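> Fold the following and give me the result.
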Amino acid sequence: MVSSSSALIVIAPLLLMAYCFFDFVAAFPGESPDQLWLKKKMEFLRPSPSLARRLTAISLAPAPGGSFPPQKGQASRILYVTAYGADPTGKTDSTDALLRAISDAFRPQNSHRLMPGIPDLGGAQIHLEGGSYLISRPLRLPASGGGNLMIHGGSLRSTDDFPSDRHLIELWPESVPKLDTRNGDAAKAYGAPSGATFLYENIRLKDLLIDANFRAGGISLINSLRTTIDNCYITHFSTDAIL
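You can find the predicted model right below:
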């Protein structure tokens, strides 16, 4: 059902056009019978001065249903890494900037939980903005844990001095001991989590290029549940693309 205010907004421009056309005809009265006939037919469309002013105001007003600015206190859960100082050109080391963005994303906005002990991060996104970022050490998720998060939309490349026994993205906390992966036995590379608990759930890695530069592995998924790797290209790894 169309409201009266919406209908008035729709017909306001048409009435204004008729009003202007009537004035144009009145400005050239002449003696033509056709003009006199047209003037009489248009007379009923001519609004009063007060109505004309109202129609003008309505026609210039923005249409309802447009976008609304965010309300005060509403913080976006899409974190753009360049806002943290990351260099999308890949000329300088962006490790610290990317870790700051990850740290902010892991600050829960409420007390909701996924699995016991795993905070719900509310669908937060770490947006790489189509850039290519140089990193000199792993992007390790915080030991506080969390889930319902996506990292997407760019490239990560390791430096020439990146640790050779690590991965560019690591979903495992510092409390889990790590063994040498270079012997090819990836299954024994990590110790079991204390108490067999998990810290990460529903982490999504999407639309990423991960270039290990023949230095390390790509992605480590220890201590995580239901991780999704979607449209990610992992190249030049020296140990495991995904562990």
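> Other residues contacting whatever helix or strand Asp104 lives in?
Taking DSSP states H and E as the criterion, Asp104 maps to helix 95-105. The contact list for helix 95-105, computed with C-beta atoms under 8 Å, 6 or more residues apart in numbering, reads 77, 79, 81, 83-87, 121, 124-126, 133-137, 139-142, 146, 149, 151. C-betas here are computed from N, CA, C, even on glycine.
> Now do the strands in this protein.
78-80, 120-127, 132-135, 139-140, 146-158, 167-170, 200-211, 217-220, 224-225, 228-230, 233-235 (DSSP state E).
> Mean pLDDT lowest where, among those strands?
Looking over the strands of the chain, mean pLDDT reaches its minimum on strand 224-225, with a mean of 88.
> in its sheet, what does that one sit against?
strand 200-211 (parallel) (DSSP bridges).
> So, low pLDDT: which residues of the chain?
1-48, 50-75, 174-196 (pLDDT under 70).
> those helices in the chain, which residues are they?
Per DSSP state H, the chain carries helices over the ranges 4-27, 33-42, 49-60, 95-105.
> and Asp240, how far is that from Leu205?
Counting by C-beta to C-beta, to the nearest Å, the gap from Asp240 to Leu205 is 15 Å.
> higher neighbour count, the two?
When neighbours are counted by other C-beta atoms under 10 Å, Asp240 and Leu205 differ, and Leu205 comes out ahead with 23 against 18.
> Now for the nearest residue to that one once chain neighbours are set aside: which residues touch it?
Spatial nearest neighbour of Leu205, excluding adjacent residues (C-beta to C-beta, 6 or more residues apart in numbering): Ile229 at 5.0 Å. Ile229 sits next to 205-206, 219, 242 when contact means C-beta under 8 Å, 6+ apart.
> Thank you kindly, that will do.
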